[in-house]
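In: this one's structure only:
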């Protein structure tokens, strides 16, 4: 199955083009997140702190089958500017058994690592599905929170910077924070299969977010430096997982 992809920076589009492109993104987004509102997506795409919003779209036979909206925010940590990458991604059900979301995020991170080599970069996201948490946690040992490993203090501080922007955040144990999110469309059969999995990453996620099927998600963080990007890239290429 040949999947092609395109990427644009939504923040750099002319106003008229933004409107047209936003409508296309929204039409696809609501197929993945049927309970989200157009106002939520509009707010996400027009964040005042965003310095760039790369949008990666995936096509199969000219049909849009997936997209990854990567919002890059310029915030401050310890009176220094930092870049925080945040992702809103989804694929049609028949195209989900791949690493395309993670691969596209890594490509974008590598580009900005070159452009902003002196500025610390972080990936902060809220995950609502055990299998997606496993996808990320199994590719880098620097992805937190994780089973049996305390989160480094710097990670906690940056997570708190981003957490201040969220609503209704709950603290569920050390370094575990959850909040309500848009829930991707899943079938009851998919939820049952997830509960039957024995992977340690899935079990860790379900232990702390047993109500994920009600739309709760766990806040996660990873530092985007050369070492982490290289580690994740190699693990994906070799099909290797980390504990």
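Out: Noted; the coordinates are in hand. Since we're looking at a predicted model, the values are computed, not measured.
In: Please pull out the lowest mean pLDDT helix or strand from the protein.
Out: Least confident helix or strand, the chain: helix 188-195 with a mean of 63, by mean pLDDT, DSSP states H and E.
In: Show me the contact partners of the next helix or strand after that helix.
Out: Proceeding C-terminally, helix 188-195 gives way to helix 200-208 as the next helix or strand, assigned by DSSP states H and E. Residues outside helix 200-208 that contact it (CB atoms under 8 Å, 6 or more residues apart in numbering): 127, 130-131, 133-134, 137-138, 145-147, 172-173, 176, 178, 194-195, 197, 212, 218, 243. Where C-beta positions appear, they are placed from N, C-alpha and C, glycine not excepted.
In: Show me how far helix 200-208 is from its chain's centre.
Out: Counting by CA atoms, centre = their mean, to the nearest Å, helix 200-208 is centred 18 Å from the centre of its parent chain.
In: Helix or strand next in line after it, which one?
Out: Counting by DSSP H and E, the next helix or strand C-terminal to helix 200-208 is strand 216-223.
In: Now do that next one: which elements does it pack against?
Out: strand 121-127, helix 130-137, strand 143-144, helix 153-163, strand 177-180 (3 or more CB pairs under 8 Å, 6 or more residues apart in numbering; DSSP states H and E).
In: distance of residue 55 from residue 64?
Out: Per CB to CB, to the nearest Å, residue 55 is found 11 Å from residue 64.
In: neighbour count winner among the two?
Out: Ranked by neighbour count (other CB atoms under 10 Å), residue 55 and residue 64 place residue 55 first, with 24 against 16.
In: Assign a three-state SS to the more buried one, would you?
Out: With DSSP: H, G, I helix; E, B strand; the rest coil as the basis, residue 55 sits in strand.
In: my read: it touches residue 10, true?
Out: Yes. Distance between residue 55 and residue 10: 5.2 Å, which falls inside the contact criterion (CB atoms under 8 Å).
In: joint contacts of these two?
Out: Joint contacts of residue 55 and residue 10 (CB under 8 Å, 6+ apart) are 21, 69.
In: residues contacting residue 235?
Out: 138, 139, 140, 241, 242.
In: tell me which element it is part of?
Out: helix 226-238.
In: so that helix versus strand 216-223, what angle?
Out: 110 degrees (axes from the mean of the first three to the mean of the last three CA atoms, to 10 degrees).
In: Among the contacts of residue 235, which one lies nearest to residue 19?
Out: residue 139 (36.4 Å; CB to CB).
In: quick one: the closest one from residue 75, how far?
Out: 25 Å.
In: Looking at those two, which has the bigger crowd around it?
Out: Each of residue 139 and residue 75 has its neighbours counted (other CB under 10 Å); residue 139 has more, 23 against 17.
In: Which secondary structure element is home to the more buried one?
Out: Assigned by DSSP H and E, residue 139 belongs to no helix or strand.
In: how many neighbours does the closest residue to residue 82 other than its chain neighbours have?
Out: Leaving aside its chain neighbours, residue 82 sits nearest to residue 120 (4.6 Å; criterion: CB to CB, 6 or more residues apart in numbering). By other CB under 10 Å, the residues close to residue 120 number 17.
In: repeat for residue 155
Out: Counted with other CB under 10 Å, the neighbours of residue 155 add up to 20.
In: helix, strand or coil for the closest residue to residue 88 other than its chain neighbours?
Out: Once flanking residues are discounted, residue 88 sits nearest to residue 69: 4.5 Å by CB to CB, 6+ apart. When classified by three-state DSSP, residue 69 comes out as strand.
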